[in-house]
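Engineer: My questions are about this predicted structure, shown below with the sequence.
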Amino acid sequence: MTVRVVLPAHLRTLSRVDGEVKLDVDGPVTQRSVLDALEASYPMLRGTIRDQVTHERRAFLRLFACEQDLSHESPDAPLPEPVATGAEPLLIVGAMAGG
Amino acid sequence: MSKVRLLIGTRKGAFVLTSDGRRERWDVTGPHFGGWEMYHLKGSPADPNRLYASQSSSWFGQVIQRSSDGGATWESVGNKFVYDGPTGTHQWYDGTPHPWEFARVWHLEPSLTDPDTVYAGVEDAALFRTTDGGVTWQELPGLRTHESGRLWQPGAGGMCLHTMLLDPRNPERMFIAISAAGTFRSDNAGKTWRPINRGLRSEQIPDPVAEVGHCVHRIAMHRSRPNVLFMQKHWDVMRSDDAGESWREVSGNLPSDFGFPIDVHAHEPETIYVVPIKSDSEHYPPDGKLRVYRSRTGGNEWEALTNGLPQSHCYVNVLRDAMSVDSLDPCGIYFGTTGGQVYGSPNGGDRWAPIVRDLPSVVSVEAQTLP
């Protein structure tokens, strides 16, 4: 399954990608499986979205898709079908705070 | 002709400034890693083109960058900093126990002999080391687990290990400083540590002469005399002639003995520099005059260096890692301000000029002298 992910600008720069990232995800499409695939393809992103040990989402990052805030969903909950089919992207968004 | 390269860390990116030995005209590149906080960049003494940089953000956490070509290109390396074993607690601001939590890397200190070995001083205070060029990092836990660790507490900027000095004559000896715990020394390459704060006096803590708890802002040494240490403390400029076994105050005639950086002239081990700041609540120069003070006597007798520095309406700060010297003759000295200026003097502080004026707030300045 090919999943689309939109990174915040600073992480696009860090991972040296333009535009969306397309990832092949095996098995159920969940936050965990998508982030696992993302970090496997872009190791420099390890620790920037979730803690490297606990895998907890960093406090100032949110996960949106299909006009829903999925940040507080279980990391093992299935993502919405349009994300799993690649029709809609998973958005990783930096909180609007700071300067 | 020799060259000088300045590695500048700011709140919103890094900059690399280069000049020939005259140090009059400078090329500026950057921002590198724009928008990220760059706490510190430093080059390897064993391979000056090998650079390491601490890149961090409240949103995205800690990243470590490495360059093998003097900052022209960079690659991100390992950023997994995990405390070794149970973390225990230190004191929080209100005196309650608080678990150790990694926040960021404040300072990177490359080995004097191996470009792949680097020490990292982090917040919450601990010491990490890489021996593979930054790919993996391991804690040297003997410092954090020192019996006094439960009494350490954060300064206003966090509980940070901000200074590391490697003894050039004794590879087993290292000095570190933590705000607000004090200064520590290891004589076995970082395995075990002991506080070296005898002689410090801090009225802001319950026991002003306690073994730990002092807010040491910066320590410095000259390579030729590693047993002589200089310290800028929260208040007081201090000196030790016995590798930190005892300290004495050398603030002398300074207009304020509060400040952050302290550094030593490259060729004159008794010539030292500080930037007096009015107070711990104001954090700007006395009388709105930006003055570096130089002592040629290892302290106590200080002269103001003002030529080329703003002498009115100046209310910037100079942070602890934001001063550095090159090793040309005459010695060049450089510092950056929270107002985004980087000033340089090619003659030991007699005459200053801004190299750049409008960078983001400067956090760190490191000078490299290149062949």
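Structural biologist: Perfect, I can see it now.
Engineer: Can you point out the buried residues in stretch B:210-230?
Structural biologist: Buried residues in stretch B:210-230, counted by 16 or more other CB atoms under 10 Å in any protein chain shown: B:210-223, B:226, B:228-230. The C-beta positions use only the backbone N, C-alpha and C, and glycine is treated the same way.
Engineer: And stretch B:26-36, by the same measure?
Structural biologist: Under the neighbour-count criterion of 16+ other CB under 10 Å, stretch B:26-36 has B:26, B:30-33, B:36 buried.
Engineer: Same check on stretch B:250-266?
Structural biologist: So for stretch B:250-266, counting by 16+ other CB under 10 Å, buried means B:250-251, B:254, B:256-266.
Engineer: near chain A, from the buried residues of stretch B:26-36?
Structural biologist: B:33, B:36 (CB under 8 Å from any CB of the partner chain).
Engineer: nearest to chain A, of the buried residues of stretch B:26-36?
Structural biologist: Comparing the buried residues of stretch B:26-36 against chain A with CB to the nearest CB places B:Trp36 closest, at 6.8 Å.
Engineer: right, and the closest one touches B:Ile64 too?
Structural biologist: No: the pair B:Trp36 and B:Ile64 fails to qualify as a contact (CB atoms under 8 Å) at a distance of 11.8 Å.
Engineer: Against chain A, how distant is B:Arg104?
Structural biologist: B:Arg104 sits 12 Å away from chain A, taking CB to the nearest CB, to the nearest Å as the criterion.
Engineer: OK, contacts around B:Asn188?
Structural biologist: Applying CB atoms under 8 Å, 6 or more residues apart in numbering or on different chains, we find B:Asn188 in contact with B:Glu172.
Engineer: Quick check, pLDDT for residue 87.
Structural biologist: Since no chain was named, I'll use chain A. You'll see A:Ala87 listed with a pLDDT of 97.
Engineer: other chain: chain B
Structural biologist: Predicted confidence (pLDDT) at B:Thr87: the value is 91.
Engineer: Which helix or which strand is home to it?
Structural biologist: Assigned by DSSP states H and E, B:Thr87 falls within no helix or strand.
Engineer: Excluding chain neighbours, what is closest to it?
Structural biologist: Spatially, and ignoring its direct neighbours in sequence, B:Thr87 is nearest to B:Trp100 (3.9 Å; CB to CB, 6 or more residues apart in numbering or on different chains).
Engineer: Ok, B:Arg169 next?
Structural biologist: Nearest residue to B:Arg169 in three dimensions, chain neighbours excluded: B:Pro226, at 5.6 Å (CB to CB, 6+ apart).
Engineer: could you list every residue that touches the one you found?
Structural biologist: With contacts defined as CB under 8 Å, 6+ apart, B:Pro226 is in contact with B:165, B:167-170, B:173, B:243.
Engineer: Farthest pair within those residues?
Structural biologist: B:Pro168 and B:Ala243 (13.1 Å; CB to CB).
Engineer: Show me where the chain has its helices.
Structural biologist: Unless you meant another one, I'm taking chain A. Ranges of helices in chain A, per DSSP state H, are A:9-15, A:31-41, A:81-84.
Engineer: Chain B is the one I meant
Structural biologist: Counting by DSSP H, chain B contains no helices.
Engineer: how many other residues sit next to B:Pro286?
Structural biologist: Counted with other CB atoms under 10 Å in any protein chain shown, the neighbours of B:Pro286 add up to 16.
Engineer: How about the one 3 residues further on?
Structural biologist: Other residues within reach of B:Lys289, judged by other CB under 10 Å, total 16.
Engineer: phi, psi of it?
Structural biologist: phi -110, psi 120 (degrees, to the nearest 10).
Engineer: do you know how far it is from B:Val362?
Structural biologist: Distance, B:Lys289 to B:Val362, by CB to CB, to the nearest Å: 19 Å.
Engineer: and what of B:Glu211?
Structural biologist: In this view, B:Glu211 and B:Val362 are 34 Å apart by CB to CB.
Engineer: how deep is B:Gln55 tucked in, by neighbour count?
Structural biologist: What B:Gln55 shows, counting by other CB under 10 Å, is a neighbour count of 28.
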